[in-house]
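J.: next come a sequence and a model predicted from it.
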Amino acid sequence: MADQLLHIEDLHVTVEGREILKGVDLTVDKGQIHAIMGPNGSGKSTLAYVLTGRPGYEVTGGKVIYRGTDILRLAPDERAKEGIFLAFQYPTEVPGVSVVNFLRTAYNAVHPENQKSAMQFRMYLQEKIDLLEIPSELVDRYVNQGFSGGEKKRNEILQMAVLQPELAIMDETDSGLDIDALKHVSAGVNKLATDEVGIVLITHYQRLLNYIRPTEVHVLIAGKVAKSGGFELAEQLEAEGYAGIAKELGLSEEELAEVEGSEVSV
Amino acid sequence: MTQTLTSDAVETLSADLGEPGWLAERRLQAFDLFEKLELPDPKGEEWRYTDVRRFDFSGFDAPVPTQSAPEVTADLADKGVIIADYQTAANDHPDLLKEHFFTDVPTDEHKFTALHGAFLSDGIIVYVPGGIEIAVPYEVFRDLAGGGSTFPHTTIVVGDNAKVTFVDRFRSESHERPSLCASVVEVTAGRGATVNYISLQEWGRNVHHFQTQRFTGHRDSTVRSLAVQLGSKFARAQVESVLTGEGSFSEMLGLYFADSDQHFAQRTLQSHAVPNTTSDLLYKGALKEVSRSEYSGLIKVAKGAQGTDAYQANRNIVLSEKAVARSIPQLEIEANEVRCTHGATVSPVEEEHIFYLMSRGIDRVTAQKLVVFGFFGDVLDRIRVPELREELARAIAKKVEGGQSLEVAS
């Protein structure tokens, strides 16, 4: 399929000897926005990290095909060069490295055919800053150091705008944001969600989906996609919670316990 | 025939230099001391973790007399500025030399200063009279042959309200035979004077480097030092600021990056002898592969030195599991109205940071470079010679790239 970006088949992933993903299937086409919802511990972040190549995540089965190639052997930077981007749930602070310097290095690595000088990059960056309505001073500060939760997430969206990925995975981009920051970040994502981009939104709560409307919704429970559907599935989740879905699907007691256990910790 | 480090060699050196009798005499006295003194004991605070008790002096060739003093413009010479090697100063400015010869760092301090006193081979004296401000930095290159030894001495005397910047470079090729450098630096800043002294240790790999730097700051003076360690096999730098005049200020910066089996040791002293003086120390180091570093720093506040403000920080970033950085801050405070702050950290390069940068398309080596640059950023920002800042940034990048354990940069 010409528009297929990502195809995950029966993906099994183990972290520190414990199987977290137990056979995930997912296909994302260009222009689609997939919401992956699930309780804590269901494997949502694991999916995000395994797609971007974080060390420590062992794939024990299945495959991940991105634009027709198996990417599991690629290092994280090679995947980024292929057009995969992860907006981190907890963006890392990098002391002493300014956002602008970091982003120019990244941009030139990802777009070697279109290298930009410091001056050219500054102008390009300013366009993105204006587009996303982000305070310019942010980019002269050290990466995420002393940033508020909202600033960190805005900085992630700015990075996405600069690097222009084809597949963007957003890991709990809504977590820790107040309603104004959530609206602002969502508006940014919507501006970047063109027909050429596939987006995977990972979220625990339905509220993000009021601002970024998904085309598909998947519920991940105990390491598997338990149910897929349209926006109505997100609404059902909002009404019944994860336990309701689990019951409906007749999940095993063990799996239910996992869900309920995680509900307590929410 | 080449001589080793013997008393005969001391006499040969002095004769070759055509030195006056008092200098020859001082050399032989220092050699006597060298023979009597034991090697420093790692049990003492100053040499802690740096065990040189089995250091063997026998294999090194005696030094070759060297003259590396930079030129002084006619204009500055007319104003009384003197920059001369010791041979020239002994003949042309004997009183100046006598007055400042080993006054701050006595030869009997330890075995290496004694040997230095005996074989001083590359001495430079800088004298800037009161009120003269020299904007352009002076730069000196010290060299060292394989199997050889060198004993560079830098004396800087800056008069009241005068200003000078001096860059001392210790640079050589890497040779198979081990070499030795024992260097002494004595800097005196007059009232209201400003001295910037930068030492860049970039020796080739098989060098053993021992250096003692001592700065004396008179009333309202500013003394800034930067000690850089990049080369050699083993390097020990002892950097001491002694603030003897009220209102004086000392900035002490250190930057070191050890790789392979390099071993760097640094000992600093911030001595506040009188009231209302300020010192601000920041030593930062990176280590990779199986290298080692030690930092031990003492803040000493004399009785009655009220209003002292002293700050000391030593930060280390470790790029390999086998590299070891040690940091030992010490305080010795005998006054009660003082502000003294000190801190030491040794941290690995966070794999989280590397993954975050790599997830943006940056390869591992470049990611490490960014993290290490970021780490050194505050020291680099404080270097007042812009060309040097860029040069050190390049040297740091090369160090990150250089190791066998890393992937090749794309």
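T.: Now that the structure is in, tell me what you want to look at.

J.: in chain B, which residue sits nearest chain A?
T.: Per C-beta to the nearest C-beta, B:G374 is where chain B lies closest to chain A, at 2.7 Å. (Each C-beta comes from the backbone N, C-alpha and C, glycine too.)

J.: next, the buried residues of the helix or strand harbouring that residue.
T.: Applying DSSP states H and E as the criterion places B:G374 in helix B:364-381. For helix B:364-381, burial by neighbour count (16 or more other C-beta atoms under 10 Å in any protein chain shown) applies to B:364-377, B:379-380.

J.: also stretch B:318-328?
T.: In stretch B:318-328, counting by 16+ other C-beta under 10 Å, buried: B:V318, B:L319, B:S320, B:A323, B:V324, B:A325, B:R326, B:S327.

J.: what's the following helix or strand after the host helix or strand of B:A90?
T.: Element membership of B:A90, judged by DSSP H and E, is helix B:86-92. Using DSSP H and E, the helix or strand that follows helix B:86-92 in sequence is helix B:94-100.

J.: which pLDDT value goes with the residue of chain B most remote from its centre?
T.: Residue farthest from the centre of chain B, counting by C-alpha atoms, centre = their mean, is B:S359 at 40.1 Å. For B:S359, the model assigns a pLDDT of 97.

J.: for the residue in chain A positioned nearest to chain B, give me its contacts.
T.: Proximity of chain A to chain B (C-beta to the nearest C-beta) peaks at A:G96, 2.7 Å away. Counting by C-beta atoms under 8 Å, 6 or more residues apart in numbering or on different chains, A:G96 touches A:Y142, B:F373, B:G374, B:F375, B:F376, B:G377, B:D378.

J.: buried residues in the helix or strand hosting it?
T.: Using DSSP H and E, A:G96 sits within strand A:94-98. By neighbour count with 16+ other C-beta under 10 Å, strand A:94-98 contains the buried residues A:V94, A:G96, A:V97, A:S98.

J.: between the residues you listed, which sits nearest B:D85?
T.: Taking C-beta to C-beta as the measure, B:D85 sits nearest to A:G96 out of the buried residues of strand A:94-98, at 40.7 Å.

J.: which two among the contacts of A:G96 are spaced furthest apart?
T.: Farthest apart among the contacts of A:G96 - using C-beta to C-beta - are A:Y142 and B:F376, which lie 13.3 Å from each other.

J.: what's the first-to-last distance across stretch B:266-277?
T.: 23 Å (C-alpha to C-alpha, to the nearest Å).

J.: how far does it sit from its chain's centre?
T.: With C-alpha atoms, centre = their mean, to the nearest Å as the basis, stretch B:266-277 stands 17 Å off its chain's centre.

J.: can you give me the neighbour number for A:E9?
T.: 14 (other C-beta atoms under 10 Å in any protein chain shown).

J.: re the thing from before, can you pull the contacts of the residue farthest from the centre of chain B?
T.: With C-beta under 8 Å, 6+ apart, B:S359 has these contacts: A:T52, A:G53, A:R54, A:P76, A:D77, A:R79, A:A80, A:F85, A:L86, A:F88.

J.: which ones among these are found in helices?
T.: Of the contacts of B:S359, the ones assigned to helices by DSSP state H are A:T52, A:P76, A:D77, A:R79, A:A80.

J.: surely the third one and A:A106 touch.
T.: No: counting by C-beta atoms under 8 Å, A:D77 stays clear of A:A106, with 9.1 Å between them.

J.: what sits in contact with each of those two?
T.: Common neighbours of A:D77 and A:A106 (C-beta under 8 Å, 6+ apart) are B:R360, B:G361, B:I362.

J.: near chain A, from those residues?
T.: B:R360, B:G361, B:I362 (C-beta under 8 Å from any C-beta of the partner chain).

J.: out of those residues, which is nearest to B:D280?
T.: Distances from B:D280 to those, taken by C-beta to C-beta, are shortest for B:I362, at 33.6 Å.

J.: torsion angles phi and psi at that closest one?
T.: phi -90, psi 130 (degrees, to the nearest 10).

J.: please enumerate the strands of chain A.
T.: A:4-15, A:18-29, A:33-37, A:57-66, A:69-70, A:84-87, A:94-98, A:142-143, A:167-171, A:198-203, A:216-221, A:224-229 (DSSP state E).

J.: what mean pLDDT does the last one have?
T.: This points to strand A:224-229. 94.

J.: and it, which strands flank it?
T.: strand A:216-221 (antiparallel) (DSSP bridges).

J.: how about the partner strand as PDB, C-alpha atoms only?
T.: Output in PDB follows, covering the C-alpha atoms of strand A:216-221 (Å, rounded to 0.1, in the frame of the first residue of the first chain):
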ATOM      1  CA  GLU A 216      -8.600   5.500  14.900                       C
ATOM      2  CA  VAL A 217      -8.600   4.500  18.500                       C
ATOM      3  CA  HIS A 218      -7.000   1.400  20.000                       C
ATOM      4  CA  VAL A 219      -7.200   0.200  23.600                       C
ATOM      5  CA  LEU A 220      -4.000  -1.500  24.800                       C
ATOM      6  CA  ILE A 221      -4.500  -3.800  27.800                       C
END
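
J.: going by neighbour count, list what's buried in that strand.
T.: So strand A:216-221, judged by 16+ other C-beta under 10 Å, has buried residues A:E216, A:V217, A:H218, A:V219, A:L220, A:I221.

J.: which residues touch the first one?
T.: When contacts are counted by C-beta under 8 Å, 6+ apart, A:E216 is found next to A:Q32, A:I33, A:H34, A:A35, A:S228, A:G229, A:G230.

J.: using PDB, list the CA coordinates for the helix holding B:A90.
T.: What follows is helix B:86-92, C-alpha atoms only, in PDB (Å, rounded to 0.1, in the frame of the first residue of the first chain):
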ATOM      1  CA  TYR B  86      66.700  33.900  32.800                       C
ATOM      2  CA  GLN B  87      70.100  34.000  31.100                       C
ATOM      3  CA  THR B  88      69.400  37.500  29.800                       C
ATOM      4  CA  ALA B  89      67.800  38.600  33.000                       C
ATOM      5  CA  ALA B  90      70.800  37.400  35.100                       C
ATOM      6  CA  ASN B  91      73.100  39.700  33.100                       C
ATOM      7  CA  ASP B  92      70.800  42.600  32.300                       C
END
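
J.: got the residues of chain A near chain B?
T.: Counting by C-beta under 8 Å from any C-beta, chain A sits next to chain B at A:52-55, A:75-77, A:79-81, A:85-86, A:88, A:91-97, A:101-103, A:105-106, A:109-110, A:142, A:159, A:163.

J.: please indicate which of these are buried?
T.: By 16+ other C-beta under 10 Å, the residues of chain A next to chain B give A:52-54, A:76-77, A:79-81, A:85-86, A:88, A:91-94, A:96-97, A:101-103, A:105-106, A:109-110, A:142, A:159, A:163 as buried.

J.: now the buried members of the contacts of A:E216.
T.: Buried, going by 16+ other C-beta under 10 Å: A:Q32, A:I33, A:H34, A:A35, out of these.

J.: as a markdown table, those residues with distance to B:V64 would be great.
T.: Below are the buried ones among the contacts of A:E216 laid out as a markdown table (distance: C-beta to C-beta, whole Å):
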| residue | distance to B:V64 |
| --- | --- |
| A:Q32 | 76 |
| A:I33 | 75 |
| A:H34 | 74 |
| A:A35 | 76 |
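
J.: from A:A87, how far out is the nearest residue to A:I157 once chain neighbours are set aside?
T.: In space, and not counting its chain neighbours, A:I157 is closest to A:G188: 4.2 Å by C-beta to C-beta, 6 or more residues apart in numbering or on different chains. Distance, A:G188 to A:A87, using C-beta to C-beta, to the nearest Å: 10 Å.
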